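1. kindly return the folded structure for what I paste below:
(2 chains)
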Amino acid sequence: GAVVSQHPSRVICKSGTSVKIECRSLDFQATTMFWYRQFPKQSLMLMATSNEGSKATYEQGVEKDKFLINHASLTLSTLTVTSAHPEDSSFYICSAGTPEAEAFFGQGTRLTVV
Amino acid sequence: AQTVTQSQPEMSVQEAETVTLSCTYDTSESDYYLFWYKQPPSRQMILVIRQEAYKQQNATENRFSVNFQKAAKSFSLKISDSQLGDAAMYFCAYRNYGQNFVFGPGTRLSVLP
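-> Numbering: from 1, shown residues only, chains lettered A, B, ... in the order given. Down below sits the predicted model:
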């Protein structure tokens, strides 16, 4: 299957700082990528859909000014958590794929805000 | 809006035995895709099997097979000859063409030696 690389896998940051998470499709072009948040022992919650060359579509309740998404190329989408707070600590996962196919997931990023 | 339900929060199976995980979904669409994903402790999401709704034949992938009942909107996963490495969270997922995925709440599968 296709490979999606997510970086970093773990990050610890201080409250009030910003953190950028990268999601790359290594062997295919992804016009659409998805960003999820996963709380412990829960399912994946879609945060936003990232579209190459246009603004991301955010799910209801997700603050677009806090979770900045940029999809500047067909192989890279970034999620920036701005002014991070301890409640933003979570596991973030990206995925990419074609419209009719399964999604390929990145390895996930465990964010801890102290 | 589409919804996916997994009624079994936890399941366990003896090694080498067979287990079935349940999934039901709700949609008004006729064409869509269904998936089972596995999430081991590493938390990497791994595709187990996929099914296109227009196909009547149930998908199989080695020890994994599905029972797709379109009219009943049911999509169960059968794992045969269970192995210790099958222990994980299993998520059932629904997708319309070009749309985002809708995931179920998950079933935690334990494999007993």
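
2. got the contact list for the closest residue to residue B:5 other than its chain neighbours?
-> Leaving aside its chain neighbours, residue B:5 sits nearest to residue B:24 (4.9 Å; criterion: Cβ to Cβ, 6 or more residues apart in numbering or on different chains). Every residue, glycine included, has its C-beta placed from N, CA and C. Applying Cβ atoms under 8 Å, 6 or more residues apart in numbering or on different chains to residue B:24 gives the contacts B:4-5, B:7, B:72-75.

3. give me the neighbour count for residue A:73.
-> Residue A:73: 13 surrounding residues under other Cβ atoms under 10 Å in any protein chain shown.

4. what subset of the contacts of residue B:24 is buried?
-> Buried members of these, counted by 16 or more other Cβ atoms under 10 Å in any protein chain shown: B:4, B:73-75.

5. how about the residue nearest the centre of chain B, what does it touch?
-> Computing the C-alpha centroid of chain B and ranking residues by Cα atoms, centre = their mean puts residue B:36 first, at 3.4 Å. By Cβ under 8 Å, 6+ apart, the contact set of residue B:36 is B:21, B:23, B:47-50, B:64, B:66, B:75, B:77, B:90-93.

6. now swap in residue B:6 and tell me
-> So residue B:6 contacts B:21-23, B:90-92, B:104-107 (Cβ under 8 Å, 6+ apart).

7. so which of the residues you listed reach chain A?
-> B:91, B:104-106 (Cβ under 8 Å from any Cβ of the partner chain).

8. hmm, which helix or strand of chain B has the shakiest average pLDDT?
-> Here the helix or strand of chain B ranked lowest by mean pLDDT, DSSP states H and E is strand B:101-103, holding a mean of 92.

9. what helices and strands are in contact with it?
-> Under the contact criterion of 3 or more Cβ pairs under 8 Å, 6 or more residues apart in numbering or on different chains; DSSP states H and E, strand B:101-103 touches strand A:44-51, strand B:3-5, strand B:88-95.

10. and the shortest one, what does it pack onto?
-> Strand B:3-5 sits against strand B:24-26, strand B:88-95, strand B:101-103, with contacts defined as 3+ Cβ pairs under 8 Å, 6+ apart.

11. direction included, what does the longest one pair up with?
-> Meaning strand B:88-95. Using DSSP bridges, the strands paired with strand B:88-95 are strand B:33-39 (antiparallel), strand B:101-103 (antiparallel), strand B:107-112 (antiparallel).

12. residues near residue A:78, how many?
-> Residue A:78 has 18 neighbours, counted by other Cβ under 10 Å.

13. which residues are in contact with the least confident helix or strand of chain B?
-> Contacts of strand B:101-103 (Cβ under 8 Å, 6+ apart): A:34, A:43-44, A:46, A:95, A:103, B:2-4, B:25, B:35, B:37, B:91-95.

14. now stretch A:102-112: buried residues?
-> Residues of stretch A:102-112 classed as buried by neighbour count (16+ other Cβ under 10 Å): A:102-111.

15. repeat that for stretch A:75-89.
-> A:75-79, A:81, A:84, A:88-89.

16. noted, bye for now.
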